[in-house]
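> Everything below, folded, please.
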Amino acid sequence: MNFRKNINEKRPLYCMFAIVGDMLKVVKEDEKYYYTKFDLPKEQIDKMIREFGDRLIFVNPSQFIDRITKTFNEKGYAYRGGMVKYDDYNINSSARMSSYKNQGTDIYFWKDKYFENQYEYRIVLTNQEVDEALIVNIGDISDISTIFNANEFFSDKFEIRLRKKLNLSIH
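Predicted coordinates:
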């Protein structure tokens, strides 16, 4: 049995794959950066390619979010973004049931555990209701994105460089 308000089906939702730390292994480091490569089982990569295709676009996450934020603010759109939480829908977990009961924006960030290989990041517009897809133009992103063959992207050919966080202390 599913409980939800019809309004929740009309909220625009944008979904994308996110690179998260547990899919990377550190292969080297220096004073400023960690250099990482993907550490995903081949079966998982093959499943993603079967489901989503053999091409992907890598977008600089912080610059992408900056452009979304700027455009949404200009248009007066309220929104929330976050990683999806994957849960076994055969079991009624209290956290997930509470999200549905409260009818807040948390309900947009739950998905059955079957889909956990999708590593999904979502953005939901919380003050909009639509009957058809809403297209929001955030401008040209060619300067912050690159198109890749998915097999090559997840291979050993590429490294992802992650800046180390600065440890600040007050004396």
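> From now on I want contacts and neighbour counts done on CA atoms only, so please keep to that.
OK.
> where are the low-confidence patches of the chain?
Across the chain, the ranges flagged by pLDDT under 70 are 1-8, 100-103, 166-171.
> can we see that at 50?
By pLDDT under 50, the low-scoring segments of the chain are 1-4, 168-171.
> helix or strand for the most centrally placed residue in the chain, which one?
Among the residues of the chain, the one closest to the centroid is residue 121, at 1.9 Å (Cα atoms, centre = their mean). Applying DSSP states H and E as the criterion places residue 121 in strand 120-125.
> Paired strands for that strand, with orientation please.
For strand 120-125, sheet partners with direction are given as strand 13-17 (antiparallel), strand 79-83 (antiparallel), following DSSP bridges.
> and the lengthiest helix in the chain, what does it pack onto?
Longest helix of the chain, by residue count under DSSP state H: helix 61-75. Counting by 3 or more Cα pairs under 8 Å, 6 or more residues apart in numbering; DSSP states H and E, no packing neighbours are recorded for helix 61-75 among the helices and strands.
> With just CA atoms, put it into CSV.
Extracted in CSV, the C-alpha atoms of helix 61-75 (Å, rounded to 0.1, in the frame of the first residue of the first chain):
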residue,chain,number,x,y,z
PRO,A,61,29.4,19.6,-9.5
SER,A,62,30.0,22.8,-7.6
GLN,A,63,29.8,25.0,-10.7
PHE,A,64,26.6,23.1,-11.9
ILE,A,65,24.9,23.7,-8.5
ASP,A,66,26.0,27.4,-8.6
ARG,A,67,24.3,27.8,-11.9
ILE,A,68,21.2,26.0,-10.8
THR,A,69,21.0,28.1,-7.6
LYS,A,70,21.4,31.3,-9.5
THR,A,71,18.7,30.4,-12.1
PHE,A,72,16.3,29.1,-9.5
ASN,A,73,16.7,32.2,-7.3
GLU,A,74,16.1,34.5,-10.3
LYS,A,75,12.9,32.5,-11.1
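> No further queries at this time; thank you.
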